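Trainee: missing the sequence, but the structure's below:
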């Protein structure tokens, strides 16, 4: 592996390990609901599984699948997913040192960059700790997420009418819980609320998928950056 | 969802992820862009919450679903554990539907 295993575990304190396990558990629940909702919605089981391995970004997976399930075009689904994942670009620069310098650690580590791994890595300041935290959190999340999605797919295939179980309410609720902390910022909140109004108002008139993209017009209300610019995705963790 | 769409989304996402580790010594992401991307994420997610909670096709989704999402949202604001938030939302919607509210 990257480092000698004994010093590896010593580097990560008990608290971090516990927090990482809790986030893995929370993500596993999200992953299982993703698998169940997409399959019971009518997508082929290979779709959620392939997305979870190759896209590996919960928000974008839900968004893209949501657009398709609502009857939107695959192109709109890809654009929605990519806009959401554009935030991974600055994340990559933030944790680049923890990913490592060798070509193969960069290629593998890049796939592990998520809100959660970045948030955990940002908490550490010493270089070796940052590396160990990034890789431990990243690998653990990747395994939990994909295993949970497969279990969810199996459960979703059994459930015939997910509406009876209220599963259609689970999808927006998961997203709401993820986004809530970032709405504490006034500029972000104004932009987000304006965007939501635009999207709902446009839904009767536009093809599925487009209203959500139109919501980006709300960005004009974002205002000037706050004095303390958000450096990382820490908020997401507070909900979980 | 066609395979090509999944591949496009995966490739684009991977490119976003890989840029930092590869170019970190040559490029710096401007603060303004960082801010814009983080706000855009929140805007898109909120719009998804609103449309997924309130609409079905081109019309209103009925009361049961938004009521469930509202219950989940209130619990999330009150920092209830994540599983509780999701289960409460689904249960609220299920109970309302069972009582005849669509």
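Mentor: Alright, I've got the coordinates. Because the structure is predicted, anything quoted here is derived from the model rather than measured.

Trainee: From here on, just use CA atoms for contacts and neighbour counts.
Mentor: Noted.

Trainee: can you pull out the helices in chain B?
Mentor: For chain B, the helices defined by DSSP state H occupy B:3-23, B:31-54, B:64-77, B:82-98.

Trainee: Those: which one's closest to residue A:211?
Mentor: helix B:31-54 (8.2 Å; CA to CA).

Trainee: For residue B:48, the count of nearby residues, please.
Mentor: 30 (other CA atoms under 10 Å in any protein chain shown).

Trainee: Same question for the one 4 residues further on.
Mentor: Taking other CA under 10 Å as the neighbour definition, residue B:52 ends up with a count of 27.

Trainee: Without its sequence neighbours, what residue ends up closest to it?
Mentor: residue A:172 (5.8 Å; CA to CA, 6 or more residues apart in numbering or on different chains).

Trainee: pretty sure that neighbour contacts residue B:55?
Mentor: No: using CA atoms under 8 Å, residue A:172 makes no contact with residue B:55, being 11.2 Å away.

Trainee: what sits against the residue nearest the centre of chain A?
Mentor: Nearest to the mean C-alpha position of chain A, by CA atoms, centre = their mean, lies residue A:58 at 3.5 Å. Residue A:58 makes contact with A:30, A:31, A:52 under the criterion CA atoms under 8 Å, 6 or more residues apart in numbering or on different chains.

Trainee: distance between stretch A:98-114 and the chain's centre?
Mentor: The chain centre lies 18 Å from the centre of stretch A:98-114; the measure is CA atoms, centre = their mean, to the nearest Å.

Trainee: any idea of the mean pLDDT for that stretch?
Mentor: For stretch A:98-114, the mean per-residue pLDDT is 94.

Trainee: now the end-to-end length of it.
Mentor: 13 Å (CA to CA, to the nearest Å).

Trainee: ok, residues contacting that stretch?
Mentor: Residues contacting stretch A:98-114 (CA under 8 Å, 6+ apart): A:56-57, A:88, A:91-92, A:121, A:127-128, A:130-132, A:134-135, A:138-139, A:142, B:14, B:17-18, B:21-22.

Trainee: and if we set it to 6 Å?
Mentor: A:130, A:131, A:138, B:17, B:18 (CA atoms under 6 Å, 6 or more residues apart in numbering or on different chains).

Trainee: Show me what the longest helix along chain A packs onto, helices and strands only.
Mentor: The longest helix of chain A (DSSP H) is helix A:127-158. The elements that helix A:127-158 packs onto, with contact taken as 3 or more CA pairs under 6 Å, 6 or more residues apart in numbering or on different chains; DSSP states H and E, are helix A:14-40, helix A:115-123.

Trainee: tell me the mean pLDDT over the helix or strand just after it?
Mentor: For helix A:127-158, the following helix or strand on the C-terminal side (DSSP states H and E) is helix A:167-179. Across helix A:167-179, the average pLDDT comes to 83.

Trainee: so helix A:167-179 versus helix B:64-77, what angle?
Mentor: Counting by axes from the mean of the first three to the mean of the last three CA atoms, to 10 degrees, helix A:167-179 points 30 degrees away from the direction of helix B:64-77.

Trainee: between helix A:167-179 and helix A:14-40, how many degrees?
Mentor: Using the same axes, to 10 degrees: helix A:167-179 against helix A:14-40 is 140 degrees.

Trainee: so what secondary structure elements neighbour helix A:167-179?
Mentor: helix B:31-54, helix B:64-77, helix B:82-98.

Trainee: What residues sit buried inside the longest helix of chain A?
Mentor: A:128-138, A:140-142, A:144-157 (16 or more other CA atoms under 10 Å in any protein chain shown).

Trainee: now stretch B:93-102
Mentor: In stretch B:93-102, counting by 16+ other CA under 10 Å, buried: B:93, B:94, B:95, B:96, B:97.

Trainee: ok so, going back, closest one of the contacts of stretch A:98-114 to residue A:37?
Mentor: residue A:138 (24.6 Å).

Trainee: in chain B, which ranges drop under the pLDDT threshold?
Mentor: For chain B, no stretch has pLDDT under 70.

Trainee: Tabulate the helices of chain B in a markdown table, adding columns for distance to residue A:80.
Mentor: Formatted as a markdown table, these follow (distance: least, CA to CA, whole Å):
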| stretch | distance to residue A:80 |
| --- | --- |
| helix B:3-23 | 9 |
| helix B:31-54 | 8 |
| helix B:64-77 | 22 |
| helix B:82-98 | 23 |
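
Trainee: Contact partners for the residue lying closest to residue A:31 once chain neighbours are set aside?
Mentor: Nearest residue to residue A:31, sequence neighbours excluded (CA to CA, 6+ apart): residue A:149, at 4.7 Å. With contact taken as CA under 6 Å, 6+ apart, residue A:149 is in contact with A:31, A:32, A:35.

Trainee: quick revisit: quick one: neighbours of the residue nearest to residue B:52, just the number.
Mentor: Other residues close to residue A:172 by other CA under 10 Å number 33.

Trainee: Residue B:61 now?
Mentor: By other CA under 10 Å, neighbour count at residue B:61 equals 16.
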